[in-house]
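Enquirer: any chance you can model this:
(4 chains)
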Number of protein chains: 2
Amino acid sequence: MADQRDAADPGKPRVRGLRERKKQRTRNALLRVALELFTTQGYERTTVDEIADAVDVSQRTFFRYFSSKEEVAFTVVSMAEARFLDAVRARPADEGPLTALRNAVILAWDSVGEAIEAVVPMELHMRTYRMIESTPALLAVHLRRSTEVEDALAAVVAEREGLDVDEDPRPRIAVAAFGGVMRLTGRMWGQREDASLPAIRELTVHCLDQLGPALAGNWRRPDGDHGGTTGSGSGVPDRGQSPPHLP
Amino acid sequence: MADQRDAADPGKPRVRGLRERKKQRTRNALLRVALELFTTQGYERTTVDEIADAVDVSQRTFFRYFSSKEEVAFTVVSMAEARFLDAVRARPADEGPLTALRNAVILAWDSVGEAIEAVVPMELHMRTYRMIESTPALLAVHLRRSTEVEDALAAVVAEREGLDVDEDPRPRIAVAAFGGVMRLTGRMWGQREDASLPAIRELTVHCLDQLGPALAGNWRRPDGDHGGTTGSGSGVPDRGQSPPHLP
DNA sequence: AGATTAGTGTCAGTGGCTGACACTTGACGA
DNA sequence: TCGTCAAGTGTCAGCCACTGACACTAATCT
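Expert: Below you'll find the model as predicted:
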């Protein structure tokens, strides 16, 4: 989104005026205080007035920095999402869709880690993530935001494969399945003790590796492996006809 | 949820008192008026006062029937979800997970249709669904509700297969992938002209049938048709190793 | 008919969020 | 250096979703 450096910019004086710095400081203070309060008292039990008072600005000012109470909760998550999207776009064109997604998500964790740490301590972000997952109102928004990412993702995948997103449903379907697994991963991450970067990566890989098997026929035989899961009309009623006994 | 008939109850006098009937009438009036206003003026531009006034009750009364403005928008959707869950539970035990889900969703549409029509005209419900999909605040809630359904679904699937939902991730993953496709289907339905029951069924089947292929290796070959879509490790990257060149 | 109680209206108050307007304080040219 | 300009902020008034408390009306029960 907003890039730090300007066109004519030598060394690294990212200061660009007192005004700018003050703004940055206020914004960051609001962000940290908000997340701190959210994660300790709970999201609903924290009022915007409280956050504003703690930073010693008016409520009105809070809303000039963040368009809503929700937005501040997702500030850091947004950054991570943007990084991931970039990572997918950077994948070599010869990788298949799911391979590219998979590799991107694995690699992105590092870059994401840095970016986060530059704004809030990693530990605070993890607490925030857990809070989002366990607060219904925020979880709802989180899921909607995720589908927006998935939309962008589908567009990228479609272009890589030379398809039209609105013609061929496969990009969207693949991304939807992938997204489902990623959300599940996120949830498991939130419940875990070990939230280190390697652990996250491993968990991600583990879950993604089971996407294929999970969709294969029956699971009772350890590795029964039937040809077509749903595609080939093996155990499936043909063409949506012949509904077995009505209820 | 609330069942209509009592223990000792002959013919079909579902009246059980004037009070009860009045309540039912008020609730239904609030529901219809709300959906009508939402779909014509938009959700955000409709105030609870407006709804209450139109039914000639106080705002306070509205909130005694519906715990929030959102809830009234999802009343009918809830019913449909409940029907679908029942349909899955009713599937014979010998069907595989995805087959059962697929057959259930196909069959459920009929039963769902009746149930809806008993409360609001089908046409109003369809407009409502479109509104939910196109109103960010409602879409968010819709997605969260969907994941709750998916959770219940995962539990059912796990039990059918004799697995523990918290041990084996496959039920959740399969349901997540399925859910992703269903959400996509819902979205496509909302955008379509033809919203008839057969059309919905066909669309559903079509999308579900592509879940397997979409996850299979590469799509550039028109019908590479790998025997085991994803089950056989054909197009799927091998075991999560070898992340290509680091950034 | 009278006692009971479910259902409702009224009122006052909280919290998220917005528009309008006046004031303070960095930025910048003369 | 000083005044001008405008960005950033505080204050105030107000809308809307939602809630608790309490009094009142009317269906139900005895």
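Enquirer: what does stretch A:53-66 contact?
Expert: Here stretch A:53-66 makes contact (Cβ atoms under 8 Å, 6 or more residues apart in numbering or on different chains) with A:26, A:27, A:29, A:30, A:33, A:37, A:48, A:49, A:51, A:52, A:72, A:75. Where C-beta positions appear, they are placed from N, C-alpha and C, glycine not excepted.
Enquirer: okay, those in a markdown table with pLDDT, distance to residue B:131 and neighbour count next?
Expert: Shown next, in a markdown table, are these (pLDDT from 0 to 100; distance: Cβ to Cβ, whole Å; neighbours: other Cβ atoms under 10 Å in any protein chain shown):
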| residue | pLDDT | distance to residue B:131 | neighbour count |
| --- | --- | --- | --- |
| A:26 | 97 | 38 | 17 |
| A:27 | 97 | 35 | 18 |
| A:29 | 97 | 39 | 16 |
| A:30 | 98 | 34 | 22 |
| A:33 | 98 | 37 | 19 |
| A:37 | 98 | 34 | 17 |
| A:48 | 98 | 29 | 17 |
| A:49 | 97 | 33 | 11 |
| A:51 | 98 | 33 | 24 |
| A:52 | 98 | 34 | 20 |
| A:72 | 98 | 28 | 23 |
| A:75 | 97 | 29 | 20 |
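Enquirer: run through chain A and note the low-pLDDT ranges.
Expert: A:1-15, A:214-247 (pLDDT under 70).
Enquirer: could you chop it up by domain?
Expert: Domain ranges of chain A: A:20-67, A:70-214, per automatic domain parsing.
Enquirer: OK, contacts around the most centrally placed residue in chain A?
Expert: Closest residue to the average C-alpha location of chain A: residue A:81 at 4.9 Å, with Cα atoms, centre = their mean. Residue A:81 makes contact with A:145, A:149 under the criterion Cβ under 8 Å, 6+ apart.
Enquirer: and it, what element?
Expert: Per DSSP states H and E, residue A:81 falls inside helix A:69-89.
Enquirer: next, count neighbours for the residue in chain A that DNA strand C sits nearest to.
Expert: Using Cβ to the nearest atom of the strand, residue A:17 is the residue of chain A that sits closest to DNA strand C, at 2.7 Å. Residue A:17: 8 surrounding residues under other Cβ atoms under 10 Å in any protein chain shown.
Enquirer: measure it to DNA strand D for me?
Expert: 9 Å (Cβ to the nearest atom of the strand, to the nearest Å).
Enquirer: next one: phi and psi at that residue?
Expert: Main-chain torsions, residue A:17, degrees, to the nearest 10: phi 90, psi 150.
Enquirer: also residue A:57?
Expert: phi -130, psi 170.
Enquirer: repeat that for residue A:125.
Expert: Torsion angles, degrees, to the nearest 10, at residue A:125: phi -60, psi -40.
Enquirer: just checking, it touches residue A:76?
Expert: Yes. Here residue A:125 reaches residue A:76: they are 5.1 Å apart, a contact under Cβ atoms under 8 Å.
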